[in-house]
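In: With the input below, show me the fold.
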Amino acid sequence: MQGPESTGDVDPVVVNAVQVVRDRFGAIGLRSLISLATRELARVEQAETDLAAIDNGDPAVQPVNDSPDAADTQAWLAYTEYDRD
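Out: Here you go, the predicted model:
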């Protein structure tokens, strides 16, 4: 990523991943990456919301019977590392 746009607030690993997709697959690959990332973001945000509700003792949230997936695991890791102070 070159030019006037700043990537100072983005983790270098994320910048590298985007550059690799751009260089290997071009615009089509970037569109696919955006589409996939958008879906994953929605899943992770929902998982974080569900985990927060469970942690707060909200009885309205029922555990999902499906097996956990990577998004659930990532959300749990991110949530448990969150400093609540």
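In: which residues of the protein fall in helices?
Out: 12-55, 70-81 (DSSP state H).
In: any idea which of these scores lowest on pLDDT?
Out: Of all the helices of the chain, the minimum mean pLDDT falls on helix 70-81 (a mean of 70).
In: related to what we said a few turns ago, would you reformat the helices of the chain as a markdown table and include mean neighbour count?
Out: (Each C-beta comes from the backbone N, C-alpha and C, glycine too.) Below are the helices of the chain laid out as a markdown table (neighbours: other C-beta atoms under 10 Å):
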| stretch | mean neighbour count |
| --- | --- |
| helix 12-55 | 13 |
| helix 70-81 | 14 |
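In: Alpha carbons of stretch 40-60, in CSV - could you do that?
Out: These are the backbone C-alpha positions of stretch 40-60, laid out as CSV (Å, rounded to 0.1, in the frame of the first residue of the first chain):
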residue,chain,number,x,y,z
GLU,A,40,-16.6,-12.8,9.2
LEU,A,41,-16.9,-9.4,10.9
ALA,A,42,-20.7,-9.9,11.3
ARG,A,43,-20.2,-13.4,12.8
VAL,A,44,-17.5,-12.3,15.2
GLU,A,45,-19.5,-9.3,16.4
GLN,A,46,-22.5,-11.5,17.0
ALA,A,47,-20.4,-14.0,18.9
GLU,A,48,-19.0,-11.2,21.0
THR,A,49,-22.5,-10.0,21.8
ASP,A,50,-23.6,-13.5,22.7
LEU,A,51,-20.6,-14.0,24.9
ALA,A,52,-21.1,-10.7,26.7
ALA,A,53,-24.7,-11.5,27.3
ILE,A,54,-23.7,-14.9,28.8
ASP,A,55,-21.0,-13.3,30.9
ASN,A,56,-23.6,-10.8,32.3
GLY,A,57,-26.0,-13.6,33.1
ASP,A,58,-28.6,-12.8,30.5
PRO,A,59,-31.0,-15.8,30.5
ALA,A,60,-32.4,-14.8,27.1
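In: Tell me which residues touch D72, please.
Out: A47 (C-beta atoms under 8 Å, 6 or more residues apart in numbering).
In: From F25, how far off is it?
Out: Separation of D72 from F25 (C-beta to C-beta, to the nearest Å): 28 Å.
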